[in-house]
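> can't give you the sequence, but here's the structure:
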Ligand SMILES: NC(=O)C1=CN([C@@H]2O[C@H](COP(=O)(O)OP(=O)(O)OC[C@H]3O[C@@H](n4cnc5c(N)ncnc54)[C@H](OP(=O)(O)O)[C@@H]3O)[C@@H](O)[C@H]2O)C=CC1
Ligand SMILES: O=CCCC(=O)O
């Protein structure tokens with residue numbers, strides 16, 4: 001199977017490499033073209049525009065940072081829409097809002113193409129290991145045709161029905177994750193300021209009913225203030241923002257998520273946006289520090 005791949009960031013690179021290592025022919029494009037060279041070393045072909053990738057491949061996957069990137073790659077000059085046509089499938093795995101996904105879907109189907117949104121749960125390591133959880137929605141036929149690629153990229157794929165449902169599910173999941181990360185950061189701060197060992201807190205958490213892979217993986221590196229990005233904080237804040245907008249639309253009150261979003265915004269204002277999202281702990285520490293300084 002020949003697959004086009006647009007966007008070679010943390011996730012896109014890992015996913016494209018994984019496809020290559022499982023025998024897929026992959027043609028890549030990235031806005032910063034130099035990033036394609038590492039993929040060429042793994043056997044990928046390179047094209048200079050999204051349109052050229054679409055022209056060459058029956059199926060193309062996109063993994064881009066946010067709604068504005070996802071729209072730009074489709075609608076701008078030399079973009080997907082210039083060449084997509086009958087018989088071609090476009091699968092957007094970026095995390096975006098349902099309206100962005102719908103806009104892309106309508107434009108592609110208007111040109112005769114097929115569209116699937118398929119955001120993922122799981123980060124850099126699951127992407128490298130083919131252990132993502134894929135949340136697909138849109139054209140069912142395209143979902144069935146692309147399953148061989150999803151089987152390589154993920155440990156489980158869900159088909160969620162009409163376009164928008166995949167985006168919504170992803171935003172709900174990441175809203176919960178971002179709120180948990182904030183509660184975890186506050187807990188670490190509280191343990192530290194009240195004279196407890198944070199390492200002992202991690203050990204206690206890991207043995208109880210709220211043990212989870214995120215606390216287990218991120219806890220030790222947070223205690224070392226080590227935030228090499230697996231999931232960049234700026235993307236987590238984007239997801240909180242988009243989830244809160246979904247809450248607005250549906251009149252769902254989300255005070256916990258709103259407070260978590262403020263902490264991620266604070267972290268971005270401190271220049272932590274390109275670090276891992278667990279760096280929100282640093283913003284929480286700053287906030288706690290200024291609170292105790294004013295006592
Ligand atoms: N990292 C993670 O753990 C996870 C991320 N996601 C989601 O996956 C998506 C990608 O994440 P990740 O790989 O971490 O992000 P990165 O920031 O590492 O990569 C972003 C990619 O988008 C491209 N891009 C950004 N703006 C534009 C634009 N205007 N036009 C064209 N291309 C653009 C970048 O190109 P360039 O190289 O030129 O900057 C790069 O290829 C995001 O939607 C994120 O929320 C989902 C699950 C997990
Ligand atoms: O969108 C990013 C999700 C990261 C994860 O699921 O660990």
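Thanks, I have the structure now. In this text, all values refer to a predicted model and were calculated from it rather than measured experimentally. Numbers count the residues shown, from 1 in each chain. Ligands and ions are numbered 1, 2, ... in the order given.

> Show me what from the stretch 51-200 of the chain comes close to ligand 2.
95, 121, 122, 123, 174 (C-beta under 6 Å from any ligand atom). Bear in mind the C-beta positions are built from the backbone N, C-alpha and C, glycine included.

> how deep is the spatially closest residue to residue 182 that is not a sequence neighbour tucked in, by neighbour count?
Of all residues not flanking residue 182 in the chain, residue 260 sits nearest, at 4.1 Å (C-beta to C-beta, 6 or more residues apart in numbering). For residue 260, the neighbour count with other C-beta atoms under 10 Å is 28.

> before we move on, back to that, closest to residue 220 among the residues of the stretch 51-200 of the chain next to ligand 2?
residue 123 (15.9 Å; C-beta to C-beta).

> can I assume that closest one is in contact with residue 231?
Yes. Assessed by C-beta atoms under 8 Å, residue 123 is found in contact with residue 231 at 4.9 Å.

> quick revisit: close enough to count as contact, the residue nearest to residue 182 and residue 181?
Yes. Between residue 260 and residue 181 there is a contact at 7.4 Å, judged by C-beta under 8 Å.

> Let's see the pLDDT reported for the residue in the chain positioned nearest to ligand 2.
For the chain, the residue closest to ligand 2 is residue 123, as judged by C-beta to the nearest ligand atom, at 3.8 Å. With respect to pLDDT, residue 123 has a value of 96.

> In terms of helix, strand or coil, where does the residue nearest to it when sequence neighbours are not counted fall?
Distance criterion C-beta to C-beta, 6+ apart; nearest residue to residue 123, sequence neighbours excluded, is residue 230 at 4.5 Å. Look at residue 230: counting by DSSP: H, G, I helix; E, B strand; the rest coil, its state is coil.

> What is the neighbour count of residue 230?
Counted with other C-beta under 10 Å, residue 230 comes out at 19.

> List the residues that contact it.
10, 123, 124, 125, 276 (C-beta atoms under 8 Å, 6 or more residues apart in numbering).

> Please name every helix or strand in contact with the helix or strand containing the fourth one.
Secondary-structure element containing residue 125, defined by DSSP states H and E: helix 124-129. If contacts are counted by 3 or more C-beta pairs under 8 Å, 6 or more residues apart in numbering; DSSP states H and E, helix 124-129 sits against helix 10-21.

> quick check, the helix it packs on touching ligand 2?
No. Between helix 10-21 and ligand 2, judged by C-beta under 6 Å from any ligand atom, nothing touches; the nearest distance is 8.2 Å.

> Would you pull up the residue in the protein closest to ligand 1?
Counting by C-beta to the nearest ligand atom, the chain gets nearest ligand 1 through residue 9, at 1.8 Å.

> Got the phi and psi for the closest residue to residue 88 other than its chain neighbours?
Leaving out its chain neighbours, the residue that sits closest to residue 88 by C-beta to C-beta, 6+ apart is residue 113, at 4.8 Å. Note on residue 113: backbone dihedrals following degrees, to the nearest 10 are phi -80, psi 170.

> so residue 103 is in which element?
helix 98-110.

> What's the first helix or strand after that helix?
strand 114-117.

> Adjacent strands (with direction) for that next one?
strand 89-92 (parallel), strand 132-138 (antiparallel) (DSSP bridges).

> and it, is it in reach of ligand 1?
No. Against ligand 1, strand 114-117 shows no contacts by C-beta under 6 Å from any ligand atom, the least distance being 11.4 Å.
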